[in-house]
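# I'd like to go over a predicted model; first the sequence, then the structure.
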Amino acid sequence: MGTIESTAGSSEDKSTVIVVEHLYKKFGDNVVLDDFNLKVFTQENVVVLGKSGSGKSVLVKCIVGLMKPDSGRVYVLGEDIATLKEDELDLLRTKLGFLFQSNALYDSMTVRENLEFPVRRHWEGMEQAEIDSKITEALENVGLEDTIDMLPSELSGGMAKRIALARAMILKPEIIFYDEPTAGLDPVTAREINALILKMKRKYHTSSIIITHDMECVKHTADRVLLLLEGKCYMEGTYKDLEQSTDKKIKQFFELES
Ligand SMILES: Nc1ncnc2c1ncn2[C@@H]1O[C@H](COP(=O)(O)OP(=O)(O)OP(=O)(O)O)[C@@H](O)[C@H]1O
């Protein structure tokens, strides 16, 4: 199992949870990642901003070991992903949480069962009382204790997103991947989700990669933003840096909003 020392470099005293170095990935002639580099520091929310088809999903798949890059290195929590065996990858993934754009809730299961599922799989033999207390905490976090016996089909889009977030957080992951967390939500609900993303970070000290092109989401959740364009990191900075940029390609993201 290959490891790197989890530090950000000599000038900074912050540890990294994800390091992506010189990542290349192409499909036929379609070069999707072209020497892409990224670092995520502990307790940091990094937004990867990019247009549809720019390679955001490919990047996340390479980071979590679901896709093999053509070259380059990916370190997650100090582990070199390429050197991990399947069972080691599975173990590492238990420290990662995912909020999918589709929510990926099990339709035939109640909210309670959806939340119980990862807990039982991860902690075989856990006492029911302890499982119940984890479920209660997860639901309290997103303010939806009353939905415990409901089916996903009975939830609104915003409620389903909250339950999916509760499930993503129930194992207290060290890193959480948010895929378009506000897509398809009305502005008020989207704002509530953004607030929950911040709350989770503050409460559980989680680090995050947030994939989005919603500039309101960027504004409220990002400690740092990376703009993925033509396979490369076109710009890196804060939301303010982006907002103040006069670069045409960056301004486009703000124009999409209006
Ligand atoms: N398994 C695959 N085989 C071939 N091409 C792929 C594969 N996966 C992704 N691609 C291509 O890689 C490019 C980037 O896709 P990706 O899904 O990462 O984009 P994205 O930025 O996540 O887009 P969106 O915001 O629409 O989800 C696209 O051109 C896509 O067609």
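Done, it's in.
# does the nearest residue to Ile176 once chain neighbours are set aside belong to a helix or a strand, and which?
Excluding its sequence neighbours, the residue lying closest to Ile176 (Cβ to Cβ, 6 or more residues apart in numbering) is Gly97, at 4.0 Å. Where you see a C-beta, it was placed from the backbone N, CA and C, and this is true even at glycine. Using DSSP states H and E, Gly97 maps to strand 96-99.
# follow-up on the earlier one: what's the spacing between the residue nearest to Ile176 and the ligand?
19 Å (Cβ to the nearest ligand atom, to the nearest Å).
# Ok, Leu155 next?
From Leu155 over to the ligand (counting by Cβ to the nearest ligand atom), the distance is 23 Å.
# can you give me the helices in this protein?
56-63, 86-93, 111-122, 128-141, 157-169, 187-204, 215-221, 239-244, 248-255 (DSSP state H).
# burial of Ala222, as a residue count?
24 (other Cβ atoms under 10 Å).
# show me the contacts for it.
Ala222 makes contacts with Asn45, Val46, Val47, Ile210, Thr238, Tyr239, as judged by Cβ atoms under 8 Å, 6 or more residues apart in numbering.
# again, only this time at 10 Å
Residues in contact with Ala222, defined by Cβ atoms under 10 Å, 6 or more residues apart in numbering, are 44-49, 197, 208, 210, 212, 215, 237-239, 242.
# can I get the CA coordinates of the strand holding Gly97 in CSV?
The C-alpha trace of strand 96-99 is given here as CSV (Å, rounded to 0.1, in the frame of the first residue of the first chain):
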residue,chain,number,x,y,z
LEU,A,96,-15.8,8.9,2.2
GLY,A,97,-19.4,10.2,1.8
PHE,A,98,-21.3,10.8,-1.4
LEU,A,99,-24.2,13.0,-2.1
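# Residues in contact with that strand: which ones?
Strand 96-99 has contacts (Cβ under 10 Å, 6+ apart) with 17-18, 60, 63-65, 76-77, 104, 118, 161, 164-181, 193, 196-197, 200, 204, 206, 208-211.
# Buried residues, the worst-scoring helix or strand of the chain on mean pLDDT. List them.
Lowest by mean pLDDT, DSSP states H and E among the helices and strands of the chain is helix 248-255, with a mean of 89. Within helix 248-255, the residues scored as buried using 16 or more other Cβ atoms under 10 Å are Ile250, Phe253.
# Show me which of the contacts of Ala222 is closest to Gly72.
Nearest to Gly72 out of these is Val48 (Cβ to Cβ; 15.8 Å).
# Could you list every helix and strand in contact with the least confident helix or strand of the chain?
Packing partners of helix 248-255 (3 or more Cβ pairs under 10 Å, 6 or more residues apart in numbering; DSSP states H and E): helix 215-221, strand 224-229, strand 232-237, helix 239-244.
# closest one to the ligand among those?
For the helices and strands packed on helix 248-255, the distance to the ligand is smallest for strand 224-229, at 7.2 Å, taking Cβ to the nearest ligand atom.
# Cheers, nothing more for now.
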